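> Just a sequence and a predicted model for now, questions to come.
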Amino acid sequence: MRPTGTSPMTSSKTPDDRIGPLSRSVNVERLPQGRGAVTVEASPAECAALAADFRIPAIRDLVGRFAVEGPTSRLRVTGRVEAVVTQVCTVSLEPFESRVDEAVDEVFTDTDQRAGTDAEEADIPDPIVGGRIDFGRLTAEFLALGLDPYPRKPGVSFEPVQAGPDITPFDALRGLTRDGE
């Protein structure tokens, strides 16, 4: 990593930093004070591992571009996560490609903001763990948020199948009243 003011910084990985298919752990002390940038570009192997984790056929061209600002004790990370994904249409069961473009706006802090709060109700910043932020994990999380849980191939529509006349529970009662007349 090479902190360089406002110019992009491409993070690197080491075996110790690797937690999951995509990990780019960055020491917040090495980020430029006040403002900086981090870019995460996933390798083809990392894309394949993420696709397997997400249970989709493929991911390619995955990149996260982040701007970082604020003191090292409370950093605001904004940016975008972009990728091309192959998903399976829930209607036709055919694979198709689509773009994911997800906005990122997260706050990270080195203090425990959960103390004395109802964690489900409060908007609590993400933790800076061990003085580090994992931008690879952040990229993977926002990619997952951008995936359509019920993907539909463009131009495909759902047509309900009609097997015959609709039978209602009252049809059997109608038959009883006619027999008893």
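The structure has been received and is ready for your questions.
> residue closest to the middle of this structure?
Ala144 (2.3 Å; C-alpha atoms, centre = their mean).
> Helix, strand or coil: sort out it for me.
helix (DSSP: H, G, I helix; E, B strand; the rest coil).
> Name the residues linked to Asp105 by a beta bridge.
Thr78 (DSSP bridges).
> Tell me which stretches of the protein form helices.
44-54, 135-146, 169-179 (DSSP state H).
> can you list those in JSON lines and add distance to Pro154 and mean pLDDT?
C-beta here means a position set from N, CA and C on the backbone, and glycine is covered the same way. Converted to JSON lines, the helices of the chain look like this (distance: least, C-beta to C-beta, whole Å; pLDDT from 0 to 100):
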{"stretch": "helix 44-54", "distance to Pro154": "21", "mean pLDDT": "95"}
{"stretch": "helix 135-146", "distance to Pro154": "17", "mean pLDDT": "94"}
{"stretch": "helix 169-179", "distance to Pro154": "40", "mean pLDDT": "66"}
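> My read is that Phe96 contacts Val85, right?
No - with contact defined as C-beta atoms under 8 Å, Phe96 does not count as touching Val85 (9.6 Å).
> Settle it for me: which of those two has more neighbours?
Val85 (25 against 17; other C-beta atoms under 10 Å).
> what bridges to that one?
Ile59, Ser98.
> Tell me how far it lies from Gly79.
19 Å (C-beta to C-beta, to the nearest Å).
> Check Val28 too.
For Val28, the distance to Gly79 - C-beta to C-beta - is 16 Å.
> Settle it for me: which of those two has more neighbours?
Gly79 (23 against 19).
> Does that one touch Glu69 like I think?
No - counting by C-beta under 8 Å, Gly79 does not reach Glu69; the two are 11.1 Å apart.
> ok, back up a step: spit out the contact partners of the residue nearest to the centre of the chain.
Residues near Ala144 by C-beta atoms under 8 Å, 6 or more residues apart in numbering: Phe54.
> 10 Å instead?
Leu50, Asp53, Phe54, Val81, Val100, Glu102 (C-beta atoms under 10 Å, 6 or more residues apart in numbering).
> could I get these as JSON lines with neighbour count?
Below are the contacts of Ala144 laid out as JSON lines (neighbours: other C-beta atoms under 10 Å):
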{"residue": "Leu50", "neighbour count": "24"}
{"residue": "Asp53", "neighbour count": "14"}
{"residue": "Phe54", "neighbour count": "16"}
{"residue": "Val81", "neighbour count": "24"}
{"residue": "Val100", "neighbour count": "21"}
{"residue": "Glu102", "neighbour count": "18"}
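> now, among those, which is nearest to Asp171?
Distance to Asp171 across these (C-beta to C-beta) is lowest for Phe54, with 45.5 Å.
> quick one: common contacting residues for Gly79 and Glu69?
Ala37.
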